[in-house]
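Undergrad: output the structure for:
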Amino acid sequence: MSTRNATVAGRTGCPALFYGWIVVASAFATTFVGFGSAYTFSAFLSSLQAEFAASRGSVSLVFSLAGFLYFALGVLSGPLADRWGARPLLVAGMVLTGAGMALAGMARTLGEVYAAYAIGIGVGVGLAYVPALGTIQRWFVRRRGFASGLAVSGIGVGTLVMPPLASFLIDHWGWRTAYLGLGVGAAVVGVGMALLVADDPRDRGLLPDGDLAPVTPPIGAAASPAVGFGLMEAMKTPRFIALYVACMLASFGLFVPFVHLVPYALDHGIAQASAVLLLGAIGVGSTAGRFLLGNVADRMGREPALILMYAGMAASLVVWLVSTGLPGLAVFALVFGVFYGGCVALLPALVADYFGGKNIGAIIGVLYTGVAVGTLVGPTAAGYIFDATHSYSLVIVASIGGNLVAAAIMWAVSRK
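TA: The predicted model follows:
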């Protein structure tokens, strides 16, 4: 079959569906499972504190360790996916994620919970996340922002669905059985969808975006997924350095709400069921942000759009700072989710615009080591600061500052 006929089959075959959208669905499912599992942690926090008589800071370290690993491991999984393909890494990651959840339910000490989350969810998501995102960048050029947003909207939907589901299972089965049930479901769904991923449209005789012939890409976007910067070459550029620093500064506060928003709400007299729904509100907002803002960024430019995301997260955190009731916290959660979701959707597409698609997995992997540092420090520090001061005010103010500085850095880059 000729390349043209293969491309036509990829667009108009039985039924008319470009295989790139199947790859997007696979990435959606793996991000849903991986991050949805990770973000159930807030629903389990009170149970873990009570079970192991632990402080909020020490329990928060469970999430921070897992978050550090799933971002830091991108520096390994990205190059491995560029060399070996994404599918085996996604499958292994989903198996580990499910196993980590199940083993957390069997833990007899807090140290065993650390190990289950770190080895299972941390390593599992770390193996799957960057390869899934890197693959999307090869399948799309003109619609790269929208496709990336659709793929990572699995994180938002997972945040919407998984924490309330975990809370329901805890209420009816207890926290240990809830972990086991969630782990089995995560492995079954995650592995099944991971098997559908494919690395490059050229391997199937297709062109990016399902085009029948090469087209001129948008200004600033890499023309072909087969070309681009080498890893070391990209890392030496001012753009990469600025993006790395901006991501690290913003990430110190990025994941604090995922761990501490529910305890904050409980501290202010909000019922458990309503408090957990605040995480669902972040999920709703982030899903909307990934769908809408990724598409908008394709039109307005992804660089200015990222500046808007950082500024928007800072503004939303101001709402959290002054809110103690459910309505104000719900507004915060929705607005924060929108800009957080848009930020997550934009980053891989912007990296591909800057540096091309040839080594996209490796470059994203190194970039996310900065996010890993922020994820390790932010939620844990927030827990210990709360233990010392019985307040999250200092943490929220620092998070606002980090996002504003990140926005300023990216504005300076855009001016050049």
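Undergrad: just the helices in the stretch 1-150 of the chain please.
TA: 3-12, 19-38, 41-52, 56-72, 74-84, 87-106, 110-115, 123-139, 144-173 (DSSP state H, counting those that start in this stretch).
Undergrad: ok, of these, where does mean pLDDT dip lowest?
TA: Mean pLDDT values for the helices of the stretch 1-150 of the chain show the minimum at helix 3-12, a mean of 40.
Undergrad: of the helices of the stretch 1-150 of the chain, flag the one that's most buried.
TA: Mean neighbours per residue, mean count of other Cβ atoms under 10 Å, is largest over those for helix 123-139, with a mean of 30. All C-beta atoms are positioned from the backbone trio N, CA, C, and that covers glycine.
Undergrad: alpha carbons only: can I get that one in PDB?
TA: Taking C-alpha atoms only, helix 123-139 is exported to PDB below (Å, rounded to 0.1, in the frame of the first residue of the first chain):
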ATOM      1  CA  VAL A 123       7.800   4.500  39.600                       C
ATOM      2  CA  GLY A 124       4.600   3.300  37.800                       C
ATOM      3  CA  VAL A 125       3.500   6.800  36.800                       C
ATOM      4  CA  GLY A 126       7.100   7.800  36.100                       C
ATOM      5  CA  LEU A 127       7.400   5.000  33.500                       C
ATOM      6  CA  ALA A 128       4.200   5.900  31.800                       C
ATOM      7  CA  TYR A 129       3.600   9.700  31.900                       C
ATOM      8  CA  VAL A 130       6.400  11.200  29.800                       C
ATOM      9  CA  PRO A 131       6.400   8.400  27.100                       C
ATOM     10  CA  ALA A 132       2.600   8.900  26.700                       C
ATOM     11  CA  LEU A 133       3.000  12.700  26.300                       C
ATOM     12  CA  GLY A 134       6.000  12.400  24.000                       C
ATOM     13  CA  THR A 135       4.200  10.100  21.700                       C
ATOM     14  CA  ILE A 136       1.300  12.500  21.300                       C
ATOM     15  CA  GLN A 137       3.700  15.200  20.000                       C
ATOM     16  CA  ARG A 138       4.800  13.000  17.100                       C
ATOM     17  CA  TRP A 139       1.200  12.300  16.000                       C
END
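Undergrad: now tabulate the helices of the stretch 1-150 of the chain in JSON lines and tack on distance to Val373.
TA: Listed next are the helices of the stretch 1-150 of the chain as JSON lines, based on distance: least, Cβ to Cβ, whole Å:
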{"stretch": "helix 3-12", "distance to Val373": "41"}
{"stretch": "helix 19-38", "distance to Val373": "17"}
{"stretch": "helix 41-52", "distance to Val373": "19"}
{"stretch": "helix 56-72", "distance to Val373": "7"}
{"stretch": "helix 74-84", "distance to Val373": "12"}
{"stretch": "helix 87-106", "distance to Val373": "21"}
{"stretch": "helix 110-115", "distance to Val373": "18"}
{"stretch": "helix 123-139", "distance to Val373": "14"}
{"stretch": "helix 144-173", "distance to Val373": "20"}
